[in-house]
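> A predicted structure for the sequence below; I have some questions about it.
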Amino acid sequence: MYVYTWYQWLLFFFIYCFIGWVIESTYVSIKSFHFVNRGFLRLPLLPLYGSGAILMLFLSLPVKGNLIFVFLFGMVGASVLEYLTGYIMERLFKMKYWDYSKNPFNLNGYVCLGTSIAWGFLTILLTEVVHRPLEWLVFRLSATTCIFLVTGIGILFVYDSIQSTRAALDLGKVLESLTKIKAELEEVQVQMSLLKAETAQKVSELKSETMQKAASVKEETMVKLTSLKTETTNAIKESTLAERLQALTETREKLTSRFYPKGLLRRNPTASSRLFGEALRELKENAKKFKK
């Protein structure tokens, strides 16, 4: 059952990637009441499921026939794979593409007890039920047919992986930029408010204090000139801040209106970000508006 050629292993990988996509897309679509092309890729393939299925087959080989050990080995192996994948993707793309933080007995949101148990039962289902007819089908295909399928799907898979990785990296940069811009916008707005208050207060104090001491028209004129100079200087500062505020606002609008992350966000409606949560929520809302 487990002695396969390299191209048969790859074909099994793509088959289980597709089965995983069907399961995930169906589940999320039912919850969302509309179709969701689930996953990191644009193709109907979920690499995590394909990798998990291949790992399950490898791990269950030494304990073949012992359902308890098949369950445990599959549960632990798949959970480790899911944790490592989630950890690496968050560090690389600044986002969690799945998040179990709200589930009980979770570990940093990457895995949870319920999902790990499900992986164990899926391993039994895979090795004892699902894989047997798939194995029979793949064995009926000639080597030429298998290699042709693996090559064709593989080329599309690699191309899609490269494009999706670029989009995810860009999305991570956008989230980081939006967060920085928001902080800068708040800082500029505070500076403008303080500058206006400071200008009004200084001019008022200067006029009040000096007018009381003024002994001649010349001194009064100097007061007015000083006040005018203060107002002009602060007006220039305020104008500079206003220009900075406008530039930041325009940059923010350009980032939120870019097309590339929207499909990725729609395919992963439960994605979260520990560092850039507010920016991610803003992009999600923008993606919904774009869809409408």
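Done, it's in.
> chain center to the one helix or strand A183 maps to, what's the gap?
Assigned by DSSP states H and E, A183 belongs to helix 143-213. Mean C-alpha position of helix 143-213 versus that of the full chain (C-alpha atoms, centre = their mean, to the nearest Å) differs by 14 Å.
> average pLDDT for that helix?
Mean pLDDT, helix 143-213: 79.
> going forward can the numbers begin at 102, since that is how I track them
Sounds good: first residue 102 from here, last item helix 244-314.
> So which elements touch that helix?
The contact analysis (3 or more C-beta pairs under 8 Å, 6 or more residues apart in numbering; DSSP states H and E) places helix 244-314 against helix 107-133, helix 168-194, helix 318-358, helix 361-368, helix 378-392. C-beta here means a position set from N, CA and C on the backbone, and glycine is covered the same way.
> among the ones you listed, which gets the worst mean confidence?
Per-stretch mean pLDDT for the helices and strands packed on helix 244-314 is lowest at helix 318-358 (a mean of 63).
> quick one: R375 and R382, what's the gap?
13 Å (C-beta to C-beta, to the nearest Å).
> what's the closest of the helices and strands packed on helix 244-314 to I225?
Across those, I225 has its closest neighbour in helix 168-194 (5.6 Å, C-beta to C-beta).
> Tell me which helix or strand comes right after the closest one.
Helix 168-194 is succeeded, C-terminally, by strand 207-208 (DSSP H and E).
> Tell me which residues are up against the helix or strand just after that following strand.
Note on strand 207-208: by DSSP H and E, the next helix or strand toward the C-terminus is strand 212-213. The contact list for strand 212-213 (C-beta atoms under 8 Å, 6 or more residues apart in numbering) reads 180, 183-184, 187, 201, 204-207.
> next one: stretch 123-131
Under the criterion C-beta under 8 Å, 6+ apart, residues 136-140, 145, 147, 150, 370-371 lie in contact with stretch 123-131.
> Stretch 245-257 too?
Contacts with stretch 245-257, where a contact means C-beta under 8 Å, 6+ apart, come from 106, 108-109, 111-112, 115, 144, 239, 242.
> Closest one of these to T228?
Closest to T228, out of all of these and judged by C-beta to C-beta, is V239, at 15.2 Å.
> Just the pLDDT for that closest one.
V239 is given a pLDDT of 93.
> in a helix, that's where it is, yeah?
Yes: V239 forms part of a helix when assessed by DSSP: H, G, I helix; E, B strand; the rest coil.
> Now do G215 against M176, distance only.
11 Å.
> Please say which of the two ends up with more neighbours.
M176 (23 against 13; other C-beta atoms under 10 Å).
> what's near enough to touch the more buried one?
217-218, 220-221, 224.
> Please pick the buried ones from those.
Among the contacts of M176, those classed as buried by 16 or more other C-beta atoms under 10 Å are 217, 220-221, 224.
> of all those residues, which comes closest to I263?
Nearest to I263 out of the buried ones among the contacts of M176 is W220 (C-beta to C-beta; 28.4 Å).
> Can you say which helix or strand has that closest one in it?
Counting by DSSP H and E, W220 is part of helix 214-226.
> Mind giving me the packing neighbours of that helix?
helix 148-161, helix 168-194.
> Enumerate the positions of the last one that are buried.
Judged by neighbour count (16+ other C-beta under 10 Å), helix 168-194 contains these buried residues: 171-172, 174-176, 178-180, 182-184, 186-187, 190-191, 194.
> So which residue is dead centre in the protein?
M196 (3.5 Å; C-alpha atoms, centre = their mean).
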